[in-house]
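Participant: could you work out the structure for the sequence below:
(one chain, ligands or ions: 1)
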Amino acid sequence: MNQKIYINNHWQGEELEHFDVVNPATKEVIATVPNGGRNEAEQAVEAAHAAFETWSVLTAQERSQFLAKWHQLIEENKEKIGKIMTMEQGKPLNEAIGEVGYANGFISWYAEEAKRIYGETIPASHTNKRIFVQKQPVGVVAAITPWNFPAAMITRKVAPALAAGCTAVIKPAEETPLTALKLAELAEEAGIPAGVVNFITGNPQEIGDTWIEAERVRKITFTGSTEVGKQLMKGAAETVKKVSLELGGHAPFIVMEDADLDKAVEQLIGSKFRNSGQTCICTNRVYVQASVLETFSEKFKAAVANIKTGNGLEENVDLGPLINKQAIEKVQNHLDDAAAKGGEVLIGGNSFVENEGQYFEPTIISGATDNMLCMNEETFGPVAPIASFQTEEEVIQRANNSPYGLAAYVFSENIGKAVRVSEGLEYGIVGVNDGLPSVPQAPFGGMKESGLGREGGHHGIEEYLEVKYISIGV
Ligand code: ADP
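Facilitator: Sure thing, here's the model as predicted:
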């Protein structure tokens with residue numbers, strides 16, 4: 001596959017310095033890619049800006065057909081892309097192929113939604129006037145994406161952008177450029193015209209700064225750390241760009257005493273340990289009502305004992321390595337802090353190295369208290385601290401006591417209670433008896449410092465559209 005920068009339908013960057021892409025399960029260098037910077041970032045904007053003239057005036061049907069073709073090629077290459085993803089990111093192969101399906105779902109969904117960008121007519125105040133409202137694409141979109149979902153974070157941004165009539169410049173994370181470049185290759189094969197999508201690997205700061213400063217970039221869409229998101233938002237103020245941010249989370253998982261405990265455990269396993277706990281909507285803290293604490297903890301422990309950790313390319317592996325050494329250190333730090341504050345390891349608790357890959361055992365901490373790091377900061381690893389609570393009001397208050405507000409989960413078989421609690425939670429996404437809520441047709445996004453804007457669904461395309469009011473004298 002191509003391991004270069006893709007701008008204006010050209011694969012380039014051989015002459016640049018390169019950086020290594022490493023398999024986290026073996027620490028082998030699996031590829032090197034160009035370390036692009038300011039020049040490439042500017043060229044990409046130039047190409048996207050030129051392409052906008054023609055792409056934005058295609059009919060919705062035409063744009064839809066390009067997206068549909070891209071979707072078809074990704075579907076045909078699902079296993080291949082999944083394997084690339086596992087090798088650069090570490091998640092088990094089945095999970096990686098699952099992500100490709102999820103990622104591709106955004107492309108097919110927005111291929112359809114392109115045709116439904118409806119305007120409005122509004123009754124005028126005078127008989128000799130008419131009021132029309134039109135939606136138009138914002139222009140060139142810059143997308144910066146993280147390593148934890150190497151395919152989905154790209155398509156979730158690029159599919160609605162293209163459907164709306166925007167063109168895009170994209171910078172994947174340094175850790176996972178290969179999945180992105182494979183998507184670029186298939187976009188080329190799908191015949192998506194030159195300059196409509198441009199992919200640059202390279203220096204985050206230089207590329208980010210170039211795009212933030214560029215007047216012709218009209219929208220910045222970012223998924224990653226809260227720290228970088230805030231910097232980008234500040235920078236975007238200079239040219240008053242539209243901004244969408246998907247930042248950190250700290251999801252509470254609330255188990256009420258009338259929950260179906262087996263269902264709650266099953267869903268918690270998915271929510272907590274998917275991608276080894278490295279997703280922004282992964283459960284970070286578990287609150288269990290005191291009367292069912294013991295039973296729930298036993299069931300959860302028994303389920304965790306069945307999780308198999310290892311190289312994601314091997315059969316039956318549930319949990320892959322963590323992305324790098326710093327990730328292991330952060331998890332260890334959270335665990336040490338919890339132990340110092342009275343938490344007890346119910347199962348797991350150790351990191352280990354196998355074939356150079358760095359793993360952390362799936363871990364449960366019992367007796368968690370609100371002053372622990374793991375109850376406040378994103379762990380981004382396979383650790384589930386369990387705290388107990390007495391009342392509905394108390395757990396809502398404790399769950400909301402966070403600067404984050406991305407995803408929360410509540411388990412109860414009492415529909416009234418489940419609705420009350422979900423309405424009380426200051427979170428953009430609430431899973432009621434559901435630990436895996438992400439789908440292409442629903443609005444994904446956070447409140448408070450977890451972000452701005454929504455991705456997915458008909459809400460997601462609005463982020464790439466301007467509203468134009470046309471007042472007509474007749
Ligand atoms: P994570 O903790 O997920 O690695 P980051 O926010 O560091 O979070 O990374 C998410 C994306 O943001 C990556 O593509 C990364 O290269 C990019 N990035 C990191 N620093 C900057 C920056 N200063 N400007 C623009 N993008 C950046």
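
Participant: quick check: bridge partners of F19?
Facilitator: Legend: beta-bridge partners of F19 under DSSP bridges are V33.

Participant: could you look up the SS state of the residue positioned nearest the centre of the chain?
Facilitator: Centroid check for the chain by C-alpha atoms, centre = their mean gives M153 as the closest residue, at 4.8 Å. Classification of M153 by DSSP: H, G, I helix; E, B strand; the rest coil places it in helix.

Participant: which pLDDT value goes with H459?
Facilitator: With respect to pLDDT, H459 has a value of 97.

Participant: which other helices and strands contact the helix or strand that contains it?
Facilitator: Using DSSP states H and E, H459 sits in helix 457-462. Packing contacts for helix 457-462, counted by 3 or more C-beta pairs under 8 Å, 6 or more residues apart in numbering; DSSP states H and E, involve helix 93-113, helix 152-164. Where you see a C-beta, it was placed from the backbone N, CA and C, and this is true even at glycine.

Participant: contacting residues around it?
Facilitator: For helix 457-462, contacts defined as C-beta atoms under 8 Å, 6 or more residues apart in numbering pick out 110, 113, 116-117, 156, 160, 163-164, 440-444, 454.

Participant: in TSV, list those along with pLDDT and neighbour count.
Facilitator: Shown next, in TSV, are the contacts of helix 457-462 (pLDDT from 0 to 100; neighbours: other C-beta atoms under 10 Å):
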residue	pLDDT	neighbour count
Y110	98	29
E113	98	23
R116	97	10
I117	98	19
R156	98	28
P160	98	30
A163	98	29
A164	98	27
P440	98	24
Q441	98	14
A442	98	15
P443	98	15
F444	98	24
R454	98	21
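
Participant: return the member of the residues you listed nearest to the ligand.
Facilitator: R156 (14.1 Å; C-beta to the nearest ligand atom).

Participant: contacts only, for the closest one.
Facilitator: R156 makes contact with A103, F106, P440, F444, E455, G456, G460, according to C-beta under 8 Å, 6+ apart.

Participant: K219 too?
Facilitator: K219 neighbours (C-beta under 8 Å, 6+ apart): 138-142, 161, 166, 241-244, 463-464.

Participant: the ligand contacts on the stretch 101-250 of the chain?
Facilitator: 144-146, 171, 173-174, 204-205, 208, 224-225, 228, 231 (C-beta under 6 Å from any ligand atom).

Participant: reformat those residues as CSV; add secondary structure and neighbour count.
Facilitator: Formatted as CSV, these follow (DSSP: H, G, I helix; E, B strand; the rest coil; neighbours: other C-beta atoms under 10 Å):
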residue, secondary structure, neighbour count
I144, strand, 24
T145, coil, 26
P146, coil, 21
K171, strand, 27
A173, coil, 23
E174, coil, 16
P204, helix, 13
Q205, helix, 11
G208, helix, 20
G224, coil, 21
S225, coil, 14
V228, helix, 18
Q231, helix, 16
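
Participant: which residues does V255 bridge with?
Facilitator: Using DSSP bridges, the beta-bridge partners of V255 come out as V288, F411.

Participant: distance of it from the ligand?
Facilitator: 29 Å (C-beta to the nearest ligand atom, to the nearest Å).

Participant: wait, K115 sits on T59?
Facilitator: No: taking contacts as C-beta atoms under 8 Å, K115 lies outside contact range of T59: 9.0 Å.

Participant: what pLDDT is listed against the residue nearest to the centre of the chain?
Facilitator: M153 is given a pLDDT of 98.

Participant: which non-adjacent residue is nearest it?
Facilitator: Nearest non-adjacent residue to M153, counting by C-beta to C-beta, 6 or more residues apart in numbering: T145, 4.0 Å away.

Participant: in contact with that neighbour, which residues?
Facilitator: Counting by C-beta under 8 Å, 6+ apart, T145 touches M153, I154, K157, I170, K171, P172, A173, A180, F222, T223, G224.

Participant: show the backbone phi and psi for it.
Facilitator: phi -130, psi 160 (degrees, to the nearest 10).

Participant: how close does it get to E40?
Facilitator: As judged by C-beta to C-beta, to the nearest Å, T145 and E40 stand 17 Å apart.

Participant: just I323 next, same as before
Facilitator: From I323 to E40 the distance is 25 Å (C-beta to C-beta).

Participant: re the thing from before, can I get the contacts of T145 in a markdown table including distance to P92?
Facilitator: A markdown table is the format used below for these (distance: C-beta to C-beta, whole Å):
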| residue | distance to P92 |
| --- | --- |
| M153 | 18 |
| I154 | 20 |
| K157 | 25 |
| I170 | 26 |
| K171 | 26 |
| P172 | 21 |
| A173 | 19 |
| A180 | 20 |
| F222 | 27 |
| T223 | 22 |
| G224 | 23 |
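
Participant: now stretch 209-228: mean pLDDT?
Facilitator: The average of the pLDDT scores along stretch 209-228 is 98.

Participant: just give me the closest of the contacts of K219 to T283.
Facilitator: For the contacts of K219, the residue nearest T283 by C-beta to C-beta is S244; the value is 24.2 Å.

Participant: and which of the contacts of T145 is nearest to the ligand?
Facilitator: Within the contacts of T145, proximity to the ligand (C-beta to the nearest ligand atom) peaks at G224, which comes in at 2.7 Å.

Participant: next up, the contacts around the closest residue to that closest one other than its chain neighbours.
Facilitator: Excluding the flanking residues, the one nearest G224 by C-beta to C-beta, 6+ apart is P146, at 4.6 Å. By C-beta under 8 Å, 6+ apart, the contact set of P146 is M153, A173, T223, G224.

Participant: can you give me every residue that contacts the first one?
Facilitator: Which is M153. T145, P146, T223, E246.

Participant: change it to 7 Å
Facilitator: Going by C-beta atoms under 7 Å, 6 or more residues apart in numbering, M153 touches T145, P146, T223.
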